[in-house]
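S.K.: just the structure for this:
(2 chains)
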Amino acid sequence: AQSVTQLGSHVSVSEGALVLLRCNYSSSVPPYLFWYVQYPNQGLQLLLKYTSAATLVKGINGFEAEFKKSETSFHLTKPSAHMSDAAEYFCAVSLSGAGSYQLTFGKGTKLSVIP
Amino acid sequence: DAGVIQSPRHEVTEMGQEVTLRCKPISGHNSLFWYRQTMMRGLELLIYFNNNVPIDDSGMPEDRFSAKMPNASFSTLKIQPSEPRDSAVYFCASSLQRGESEQFFGPGTRLTVL
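M.R.: So this is what the prediction gives:
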């Protein structure tokens, strides 16, 4: 079984400051990992994904995440926050085993950007 | 491609009425997922299909909920009878049948049961 823990249900940063959203996973086999963003009144949109090709993954809108197996982490970062980054962010894990197409989502972290 | 299409976008109904939510997945995708999102419970997987066959419906809350996928381009989620606690945003998502494939989400249906 797999699980995801997102530390901090709410994170506030100033515009221009570093964004760091934390995600830890639990998985019995090598995982696939995803970060999604949800803007108000919209569906979830993929930011980036890790599929074992490279540990540092770059996504859309200047976001990136690093897979650290030793720490079972997949934290999301952006060097400089923009007002348009205010949204809810979800980390998700999928197993690499055959027949495992289900994503397990974390509870989400709501990011506020202070002007 | 137009992405995942859901209808209606908003639904307001009265307790006891039947509600049917509809989803058209992205063409070529063979996995389809129904989720429910609420403030209290977050994002919950209700059921998912592979090649039109229900694989895991353990997330369906109770017998009032049912889902069908009669063909590769259409799925429904039905609630009969509806109750106020069913009020939520319901998302449909589709993906290729591979673990590394991301799910593409529709815009959701906001259901309000009075």
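S.K.: can you point out the buried residues in the helix or strand hosting residue B:12?
M.R.: Residue B:12 belongs to strand B:10-13 when assigned by DSSP states H and E. For strand B:10-13, the neighbour count (16 or more other C-beta atoms under 10 Å in any protein chain shown) marks B:11, B:13 as buried. Just so you know, the C-beta spots here come from the backbone N, C-alpha and C atoms, and that holds for glycine as well.
S.K.: sheet partners, orientation included, of that strand?
M.R.: Partners of strand B:10-13 in the sheet, by DSSP bridges, are strand B:109-113 (parallel).
S.K.: do stretch A:42-60 and chain B meet?
M.R.: Yes. With C-beta under 8 Å from any C-beta of the partner chain as the criterion, chain B is reached by stretch A:42-60 at A:42, A:43, A:44, A:45, A:46, A:49, A:51.
S.K.: by neighbours, which of the residues you listed wins?
M.R.: Across the residues of stretch A:42-60 next to chain B, neighbour numbers were computed from other C-beta atoms under 10 Å in any protein chain shown; residue A:44 holds the maximum, 28 neighbours.
S.K.: quick one: pLDDT of that one?
M.R.: At residue A:44, the model reports a pLDDT of 95.
S.K.: got a list of what residue A:59 touches?
M.R.: By C-beta atoms under 8 Å, 6 or more residues apart in numbering or on different chains, the contact set of residue A:59 is A:35, A:46, A:47, A:48, A:65.
S.K.: kindly apply the preceding question to residue A:8 instead.
M.R.: Contacts of residue A:8 (C-beta under 8 Å, 6+ apart): A:21, A:22, A:109.
S.K.: those in helices, which ones?
M.R.: Using DSSP state H, no member of those falls in helices.
S.K.: so, low pLDDT: which residues of chain B?
M.R.: B:1, B:98-99 (pLDDT under 70).
S.K.: the residue of it most remote from its centre: what secondary structure?
M.R.: Centroid-distance maximum for chain B: residue B:100 at 21.4 Å, with C-alpha atoms, centre = their mean. Three-state assignment for residue B:100 (DSSP: H, G, I helix; E, B strand; the rest coil): coil.
S.K.: ok, it - contacts?
M.R.: So residue B:100 contacts A:32, A:49, A:51, A:94, A:96 (C-beta under 8 Å, 6+ apart).
S.K.: try 7 Å
M.R.: Neighbour list for residue B:100: A:32, A:51 [criterion: C-beta atoms under 7 Å, 6 or more residues apart in numbering or on different chains].
S.K.: from residue A:50, how far out is it?
M.R.: With distances taken as C-beta to C-beta, to the nearest Å, residue B:100 is found 9 Å from residue A:50.
S.K.: now do the shared contacts for those two.
M.R.: Common neighbours of residue B:100 and residue A:50, using C-beta under 7 Å, 6+ apart, are residue A:32.
S.K.: identify the spatial nearest neighbour of the residue of chain A found nearest chain B, chain neighbours not counted.
M.R.: Residue nearest to chain B within chain A: residue A:43 (3.7 Å; C-beta to the nearest C-beta). Among residues not flanking residue A:43 along the chain, residue B:105 sits closest, at 3.7 Å (C-beta to C-beta, 6 or more residues apart in numbering or on different chains).
S.K.: I'd say the one you found and residue B:4 touch.
M.R.: Yes. Using C-beta atoms under 7 Å, residue B:105 is in contact with residue B:4, at 6.3 Å.
S.K.: are there residues contacting both of these two? Which ones?
M.R.: Joint contacts of residue B:105 and residue B:4 (C-beta under 7 Å, 6+ apart) are residue B:93.
S.K.: who does the most centrally placed residue in chain B form a beta bridge with?
M.R.: By C-alpha atoms, centre = their mean, chain B has its centre lying nearest to residue B:34, at 3.2 Å. Beta-bridge pairing for residue B:34 (DSSP bridges): residue B:47, residue B:92.
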